[in-house]
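Asks: A structural model of the following input is requested.
(one chain, ligands or ions: 1)
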Amino acid sequence: MERIDKLIASQGTLSRNDVKKLIREGLVTCNGAAVSSGAQKIDPQNDSLALGGKPLTLSSHIYLMLNKPKNVVSSTETGGQATVMDLVPEEFFRGGLFPAGRLDKDTTGFVLITDDGAFAHSILSPKRHVPKTYEVTVPEPLTQAEIQEIKEGLTVGATRFRPAELRFLHAGGEGQTYEIVLHEGKYHQIKRMFARFKKEVIALHRTKIGALPLDASLAPGECRPLSQAETALLQQEQPLP
Ligand code: URA
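Replies: Numbering: from 1, shown residues only. The predicted model follows:
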């Protein structure tokens, strides 16, 4: 059994306050009867909800977009450290949530947190080509030869990295920032690619998964549920370069 306000807000289109307002206006019904309080509990499997007379199809899963700050690990196990799970607000928290894919502790940006294992697999599997886009800052500009190598794919030790897309974004106080699009997700991939050119990564921020950009209104540490349209963008594949 789940609270109605929490359940509807977890679908990603309405906030808990929006839901409370709709309930006050008598626009939310459960099995045909008007709901009088957001605290009312229902069985999402068997009860039928409607908003303004329109049936509401509930997803049994939740998909959260987090803007990961630095110094937080992408794990469900604490090991004494702060994890991305600590940043999930109580209203969205439920059993079985996990981060779909890992960012390093010092990497910031878009992390998807979900309880849907099959969905997570669909965006992480190397058989699907869901690209991940990052902004990477290094102290010195890349040479033309280095840029070419990244675009053609490169070998570091025994590891072959697929071709990645790369473009220069801006130069600032701390260094040179490039946008890089990866079509695979190997351990410390970007840092290892840049280490090959003896370029230390001084900032790394994931801006996009598939065709879905990180919501610019999310401050570091904030998260929000995705709408159905957004989860579709997240799964968007792209042909390999
Ligand atoms: N590549 C890295 O080196 N680190 C990340 O967190 C993501 C991609």
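Asks: how about stretch 162-177, does it get close to the ligand?
Replies: No - on the criterion Cβ under 6 Å from any ligand atom, stretch 162-177 is out of touch with the ligand, staying 10.7 Å away. In short, each C-beta sits where N, CA and C put it, glycine included.
Asks: In that stretch, which residues are buried?
Replies: Using 16 or more other Cβ atoms under 10 Å as the test for burial, stretch 162-177 gives 162-164, 166, 175-177.
Asks: Identify the farthest-apart pair in these.
Replies: Using Cβ to Cβ, the buried residues of stretch 162-177 reach their maximum pairwise distance at Arg162 and Gly175, which is 25.1 Å.
Asks: where do the helices sit along this structure?
Replies: Under the criterion DSSP state H, the chain contains helices at 4-9, 16-24, 117-124, 144-152, 189-195, 228-234.
Asks: Burial-wise, tell me which of the ones you listed comes out on top.
Replies: helix 4-9 (a mean of 22; mean count of other Cβ atoms under 10 Å).
Asks: Which neighbouring elements make contact with that helix?
Replies: helix 16-24, strand 28-30, strand 41-42, strand 49-51 (3 or more Cβ pairs under 8 Å, 6 or more residues apart in numbering; DSSP states H and E).
Asks: Swap in 7 Å and give it another go.
Replies: helix 16-24 (3 or more Cβ pairs under 7 Å, 6 or more residues apart in numbering; DSSP states H and E).
Asks: can you give me how far the helix it packs on is from the chain middle?
Replies: Chain-centre distance of helix 16-24: 27 Å, with Cα atoms, centre = their mean, to the nearest Å.
Asks: quick one: average pLDDT of it?
Replies: The average of the pLDDT scores along helix 16-24 is 91.
Asks: Likewise for stretch 130-148?
Replies: Mean predicted confidence for stretch 130-148 is 97.
Asks: buried sites along it?
Replies: 130-138, 142, 146-147.
Asks: To the ligand, which of the helices of the chain lies closest?
Replies: The ligand lies closest to helix 189-195 among the helices of the chain, at 3.5 Å (Cβ to the nearest ligand atom).
Asks: Is there any residue in that closest one that contacts the ligand?
Replies: Yes - counting by Cβ under 6 Å from any ligand atom, contacts between helix 189-195 and the ligand involve 189-191.
Asks: tell me which parts of the protein are close to the ligand?
Replies: So the chain meets the ligand at 103-104, 107, 188-191, 204 (Cβ under 6 Å from any ligand atom).
Asks: circling back to that earlier point, any chance of TSV for the helices of the chain, columns distance to Ser48?
Replies: Listed next are the helices of the chain as TSV, based on distance: least, Cβ to Cβ, whole Å:
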stretch	distance to Ser48
helix 4-9	12
helix 16-24	16
helix 117-124	24
helix 144-152	53
helix 189-195	46
helix 228-234	18
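Asks: Let me see the contact set for Ser8.
Replies: Not quite, residue 8 is Ile, not Ser. When contacts are counted by Cβ atoms under 7 Å, 6 or more residues apart in numbering, Ile8 touches 14, 19.
Asks: rewinding a little: which of the buried residues of stretch 130-148 fall within strands?
Replies: Among the buried residues of stretch 130-148, the members found in strands (DSSP state E) are 132-138.
Asks: pretty sure Arg16 is in contact with Ile4, am I right?
Replies: No - shown here, Arg16 and Ile4 do not form a contact pair, counting by Cβ atoms under 7 Å, at 10.2 Å.
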